[in-house]
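Engineer: Just the structure for this:
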Amino acid sequence: MEEVKILIVEDENIIALNIKKKLKSFGYAVPAIVSTGEEAVKMTEIILPDLILMDIMLKGDMDGVEAAEEIKERFDIPVIYLTAYSDDKVLERAKITEPYGYIVKPFKAIDLRSNIEMALYRHSVQKSTDKERVSC
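Structural biologist: The predicted structure is shown next:
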């Protein structure tokens, strides 16, 4: 079975490295860590990850919600938000991008893993359902 590739989009380096360590211990590959929304879109195009863990507040001109929106439009890759922000305004903006999860920091490793597994499963079911519709 091919290793699942997860792109980490996080502007706090220590947090990003901690997440990477957890993901590797779960058996996932982390081909890149980026800290801006612009880098997230570029890197998504280059590595085509299986899933993206996206912080909402990022360095640069594009926040995580804007990056997720562009990624959703251009690529069929699930996004899970990892953020310290959970106010109503942020939640409403995030919902528009139809994320596969929303985890509030700090979080437990088991919560991260279960959200990733559910997102990957949901995405694979959605892809197979879409293929069935097209072939009908």
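Engineer: what about the residue nearest the centre of the chain, helix or strand, and which?
Structural biologist: Centroid-nearest residue in the chain, with CA atoms, centre = their mean: I52, separated by 2.4 Å. Using DSSP states H and E, the element containing I52 is strand 51-54.
Engineer: Quick one: list the elements packing against that strand.
Structural biologist: Judged by 3 or more CB pairs under 8 Å, 6 or more residues apart in numbering; DSSP states H and E, strand 51-54 is in contact with strand 5-9, helix 37-47, helix 64-74, strand 79-83, helix 109-135. Bear in mind the C-beta positions are built from the backbone N, C-alpha and C, glycine included.
Engineer: can you put the ones you listed in TSV and add mean neighbour count and mean pLDDT?
Structural biologist: Converted to TSV, these look like this (neighbours: other CB atoms under 10 Å; pLDDT from 0 to 100):
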stretch	mean neighbour count	mean pLDDT
strand 5-9	24	98
helix 37-47	18	98
helix 64-74	20	96
strand 79-83	24	94
helix 109-135	13	88
